[in-house]
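Novice: here is the input, now give the coordinates:
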Amino acid sequence: MNRKQKSLIDRLEASGQDFARYLAQLSDAELFTSSAPTEWTIHQAAAHMRDTEQYVFLARVERIMNEVHPAVQNFDQGEHWQTHPYSAKEPLEKIISDFRAARRKLIARLKKSSNQDWANRAAHSAYGKISLEWLAMHNYHHTLEHIAQIGYAREKQVLAELKGAR
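Specialist: Presented below is the predicted three-dimensional model:
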């Protein structure tokens, strides 16, 4: 594994820790706020992150490391929630625990990967050829996107509280 790959894995690992810590700091009221009316609540975003970590990123890394040029399908969260229904009552602690377990497993797999694994490609139904590098980078950016989404929802909540405190 080269320095660039190791650095990417380290950033991915740190972003997962940041995401879990950020979620754990939220109040129950904040969990069901969103940054915009059309956006998911923070709780929904957390469930989505857990789902994509388990069923998308980890699964694809496993396939790329165990198969030669596997075909992988696009992930649709709405379809996924039809077979694995989202529940607003699911405890955040469970979502965070499941996310962290999947992220730790993914990081462990990437740390054990070979140069051959990094050279392998999967055929993605929407993106075309993808690699471990692309998956790790995409997962990292996906994590940052949802950290920002949570941050914007919290900012909105703080502004609302400040308006009420006149």
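
Novice: before we move on, what SS does the residue nearest to Ala102 when sequence neighbours are not counted have?
Specialist: For Ala102, ignoring the flanking residues on the chain, the nearest one in space by C-beta to C-beta, 6 or more residues apart in numbering is Glu53 at 4.1 Å. To be clear about C-beta, it is placed using only N, CA and C from the backbone, and glycine gets the same treatment. Under DSSP: H, G, I helix; E, B strand; the rest coil, Glu53 falls in the helix class.

Novice: tell me which residues touch Glu53, please.
Specialist: 16, 99, 102-103, 106, 139 (C-beta atoms under 8 Å, 6 or more residues apart in numbering).

Novice: which members of those are the farthest-apart pair?
Specialist: Spatial extent of the contacts of Glu53 (C-beta to C-beta) is set by the pair Phe99 and Asn139 at 11.8 Å.

Novice: all strands of this structure, in order?
Specialist: 71-72, 122-124, 128-130 (DSSP state E).

Novice: what's stretch 88-102 in contact with?
Specialist: 16, 19-20, 23-24, 26, 31-32, 41, 43-44, 46-47, 49-50, 53-54, 57-58.

Novice: sorry, slip of the keys, the one I care about is stretch 116-135.
Specialist: By C-beta under 8 Å, 6+ apart, stretch 116-135 touches 1, 5, 8, 57, 60-61, 63-65, 68-74, 110, 113, 138.

Novice: the most centrally placed residue in the chain and Thr38, how far apart?
Specialist: Central residue of the chain (C-alpha atoms, centre = their mean): Met49, 3.8 Å from the mean position. Distance of Met49 to Thr38, given as C-beta to C-beta, to the nearest Å: 18 Å.
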